[in-house]
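Engineer: whatever this is, show me its structure:
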Amino acid sequence: MKPTPVRELKVSGVGRLTLEKVEEVVKYVEDLALFNPEELAERAGIELDKAASIVRAARRFVRSSVGGRVYRGSEYAHILEARETLTTGVKAIDELLGGGLKVWDVYEFAGEFGSGKTQLCHQVSVTVQLPPEKGGLAGKAVYIDTEGTFSPSRIKMVGERFNVEDPLDNLYVVRPLNVDELEEVVVEELPKLLREGIRLILVDSVIALYRAEFKGREMLAMRQQRINYLLDWLKRYARRYRSVVVITNQVLSQPVPWGIALKIPAGGNIIAHASTHRFFMRRAGEALLLECFDSPTIARGASAKFQITDRGLEDV
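Structural biologist: Residues are numbered from 1 along each chain as shown. Reported below is the predicted structural model:
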C-alpha cells in the first residue's frame, strides 16, 4: 500500500505550515502514528497540544485502513497463531521456538564471546530472504552492527547453503559509532528501509555502545533510560511493519555467596522487560547450547543444541 504524505492529513485547528514542519521530521502518516506527542513536539518544534492533535489524527487514519485496536480474546488468539514465522535454519532451535522467530516479537540472545550470537544474526539475515514455503518471510533485513563483527563473506557462505542468490543485495548494514548515531538511525532512517521490505531488524549488540559511553553508577539511570527509548522504537516498528526484532546482548558476572559467579545478561530490567523472549547461548562440551532464560510461551531452562560449521549454524 502506498504511504500517505503528512500534508494530506486533515487535522482540525492545525494549519498547513505546521504540517510542513512535521513533514520535515516524518514524511508519511503511517510513520507519524508511531510517535508520541512529546517526541513530535520536540523534533518538529511545534506546540504540544498541536502535536497531540496531529498524532491522534494519524492514528485514526491508520486504524481506518488496518482495523481496530480492541479485539475479543478469541479473535486476538487467532491473530497471534496466524503470525508469520521465520526459520533459523536449525531444526532444533526452530522446535524450541515453536516453529521459528515470530513477527511482532523481540528476541534477545545473550552469551559470551564465541557462543554463536553473531553467527545466528548472519544466518537469519539470509533465511529471512527465503520464500514462505521454505521458512522465510520473502523480505529484507537491516543489520545494525555496533561491534564491527559483520562479515560479508560469511553472509555469502550462508547464502550458498540456502541457495539465496546475492544475499547481500537484500541486506542493509549500519555501523553506528556512538549512542546518538545509533538512536538517530533507528528513529529517523529505519522507517524508510521498513517501507522497502525490511522484515528483520538486528542489533548486534544492543548494549555495547551504551556500556562504553555511559560509565559509572552516576550514569546508570541515564543509560537505562536511553536503552529503553531505543528498544521502545524497535517494538513499535515490529508491530507496525510485522517484523521480527533480534538483539544480541553481552553478559556480566553476578557474584553469589555460595559459589562461582553467575553469568547473566547485561542491561538489567530494561532489556528484560523489553524482550519478548530471552535466551542464553553457551558452550556445552563439543556443541553449543541455546537455553531459554525467560519467555511467555517457552519453559525456562528448555534448550536446543547446535553447532557452528562453514555453512553456518546447523543441528548437531
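Engineer: now the strand or helix carrying Phe293, how far from the chain's geometric center?
Structural biologist: Element membership for Phe293 (DSSP states H and E) is strand 287-294. Strand 287-294 sits 20 Å away from the centroid of its parent chain (Cα atoms, centre = their mean, to the nearest Å).
Engineer: same question, stretch 287-305
Structural biologist: Chain-centre distance of stretch 287-305: 19 Å, with Cα atoms, centre = their mean.
Engineer: render the CA-only coordinates of it in PDB, please.
Structural biologist: The C-alpha trace of stretch 287-305 is given here as PDB (Å, rounded to 0.1, in the frame of the first residue of the first chain):
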ATOM      1  CA  ALA A 287      28.400 -28.400  20.900                       C
ATOM      2  CA  LEU A 288      26.700 -25.100  21.700                       C
ATOM      3  CA  LEU A 289      23.500 -24.700  23.700                       C
ATOM      4  CA  LEU A 290      20.700 -22.200  23.300                       C
ATOM      5  CA  GLU A 291      18.700 -22.100  26.600                       C
ATOM      6  CA  CYS A 292      15.500 -20.200  27.400                       C
ATOM      7  CA  PHE A 293      16.100 -17.600  30.100                       C
ATOM      8  CA  ASP A 294      12.600 -16.100  30.100                       C
ATOM      9  CA  SER A 295       9.600 -16.400  27.700                       C
ATOM     10  CA  PRO A 296       5.800 -16.200  28.000                       C
ATOM     11  CA  THR A 297       5.500 -19.400  25.800                       C
ATOM     12  CA  ILE A 298       8.700 -21.400  26.300                       C
ATOM     13  CA  ALA A 299       9.600 -23.200  29.600                       C
ATOM     14  CA  ARG A 300      12.500 -21.700  31.400                       C
ATOM     15  CA  GLY A 301      15.500 -23.900  31.000                       C
ATOM     16  CA  ALA A 302      14.300 -25.500  27.800                       C
ATOM     17  CA  SER A 303      17.200 -25.800  25.400                       C
ATOM     18  CA  ALA A 304      18.400 -26.800  22.000                       C
ATOM     19  CA  LYS A 305      21.900 -27.900  20.900                       C
END
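Engineer: thank you, goodbye.
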